[in-house]
Each structure stands twice: as C-alpha cells, then as structure tokens.
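Engineer: here is my input; please provide its structure:
(one chain, ligands or ions: 1)
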Amino acid sequence: MILGISGSPRKDEISGVYKLVKIVLENTGCAYELVSLRNKNIAGCVACLKCVEDNVCKVKDDFQELRESILDADAYVIGSPNYYSGINVLTHAFLERWFQFRHREGDLLWGKIGVAVGVGGTSGKYPADEIERFFNYNFIETVAKVEGQGAASCYYCGYGDSCKVGIPYFLYGENADVSEENVPDVTRQQDVVKSAAEAGRELGRLVREGYDRSEVTGRMQQRMMEMLKGS
Ligand SMILES: Cc1cc2nc3c(=O)[nH]c(=O)nc-3n(C[C@H](O)[C@H](O)[C@H](O)COP(=O)(O)O)c2cc1C
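Structural biologist: Numbers count the residues shown, from 1 in each chain. Next up, the predicted model:
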C-alpha cells in the first residue's frame, strides 16, 4: 500500500496539492490510501520524549488514527502547499510527529521511498524540498519531486486584480487578471501532470519490483551525515 497525504486545509476540489498527490498515486498502479489533513487536529511534537522506549507518541489527537497506515505503507506521496516559502503548519506538525519512529534502532521507516509534492501560488519548489528534508531525517529516499502552481487565495478574495501584496500582482503587475479562466489549476499544467504521472509510475515500479531497504538506508545515512556536517 502507498500512503498519500495532502497537507492542504482547502476542500479537495480546489486544492492543487490534493489533485497532484492523487495523480501521482493513480499512476503507481498499486493499492493506495489518500488522506487529507484538512480539518484534522494534529499538534506538533512537544518533545516530551515519551516515545523513546516504544516509538509510540503519547499525544492524543488525530495523528493517532494515521499511525498504523504510516507504518503499513511501503511508500509515501506527501504534498504540502507553499506557505511563506515553506510547508504549512498542518503538514509540518504531521511530519514533526514522525519523530516517534526514529529513536535508537527504531528502523520502522528506514529505507522506504517517497515522492514529495509541492504546490504554490508561484511555485511548489520550497515545500517539495522541505518534504524531502523530512524524508531524509527518516531515511526515506525521495524518488521524485513534483511541483505545481496552484490557485493563490487572491484569485478568490475579491481584490486580486488590484491588491499590491497579492500573488497575481507580484507575477503580472498592473496586468493582473483574476478571471476564472486565469485561475491556475495543476490539472491544466501539462508538464506538471506529466511529471506527476512519471513520478507515480517510478514509485509504483520500485514498490512492485522491490528494492533493497538496507541499501537505501545506507545511502540515506550517508546523505544525512553529509547534510548535517555541512550545516
Ligand atoms: C497563508 C498563506 C501563505 C502563502 N504563501 C505563499 C508563498 O509564500 N508562496 C507561494 O508561492 N504561494 C503562497 N501561498 C499560496 C498557496 O501556496 C496556493 O494557494 C496553493 O495553491 C495552496 O495549495 P492548495 O491549493 O493545495 O491549498 C500562500 C497561501 C496562504 C493561504
């Protein structure tokens, strides 16, 4: 099973993250579960260390219902919207809680694989890169990153044509036009859909054909050592 997570708080129908994560999953050819974090109550890690002995977080909230799926999954497709050039707090809190899986020989997730999906009003690069970093900390190898342009709230707020701090103005200046036909939609961005489909196919191939988790773990351990030495 491949677990897909959409970290957008928006309704699925208008969330670029949800749509893009779904395209990746559909192209894997594997069984998948797609969970939206919308309306979920998930706090960040509180560093209580109560998970150290048994790798089980003791904070009681909606993360608990997702824990088994995270452990069962062979691979992950995780997507976040770009908020202030990073991932949003919902996705961040969700991923912080993966701390519980990491302690000592807690190799519960080590050597698994994933796809990182980012969607922003300008670009999805920042969230995709940040999700990759979270994957690294869990020794999960990023098979592909998918980045799309979603509909900034400025297209719906009523002032998008003229607002001087809105994304349409940043991108198009006085020519900003927030009419319906100009609202960015990841499903109409052919290169984005293509990269999502390719990412899904590659992830599915690796899951079906199998891969050596200990080899991936070794590579990721090395990568983390290099990353943290240089920081
Ligand atoms: C609080 C907030 C901050 C945002 N910051 C950025 C940003 O820094 N850069 C960007 O490209 N888009 C930014 N956006 C726009 C979202 O990334 C964009 O609407 C995207 O489509 C959200 O994904 P979703 O459609 O799946 O919800 C921001 C949106 C919100 C609500």
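Engineer: point out the residues in this structure that sit beside the ligand.
Structural biologist: Proximity of the chain to the ligand (C-beta under 6 Å from any ligand atom) is limited to residues 8, 10, 15-18, 81-85, 119-123, 150-153. The way it works is simple: take the backbone N, C-alpha and C, and place the C-beta from them, glycine included.
Engineer: any idea how far Trp110 is from Glu215?
Structural biologist: 11 Å (C-beta to C-beta, to the nearest Å).
Engineer: which of those two has more neighbours?
Structural biologist: Using other C-beta atoms under 10 Å, the more surrounded residue of Trp110 and Glu215 is Trp110, with 19 against 11.
Engineer: so which bits of stretch 206-226 are buried?
Structural biologist: 206-207, 211, 213, 216-217, 220 (16 or more other C-beta atoms under 10 Å).
Engineer: oh, I was asking about stretch 38-54
Structural biologist: 40, 42, 45, 51.
Engineer: next: stretch 68-79.
Structural biologist: Residues of stretch 68-79 classed as buried under the neighbour-count rule (16+ other C-beta under 10 Å) are 70, 73-79.
Engineer: next, format the residues you listed as a markdown table and append secondary structure.
Structural biologist: Converted to a markdown table, the buried residues of stretch 68-79 look like this (DSSP: H, G, I helix; E, B strand; the rest coil):
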| residue | secondary structure |
| --- | --- |
| Ile70 | helix |
| Ala73 | coil |
| Asp74 | coil |
| Ala75 | strand |
| Tyr76 | strand |
| Val77 | strand |
| Ile78 | strand |
| Gly79 | strand |
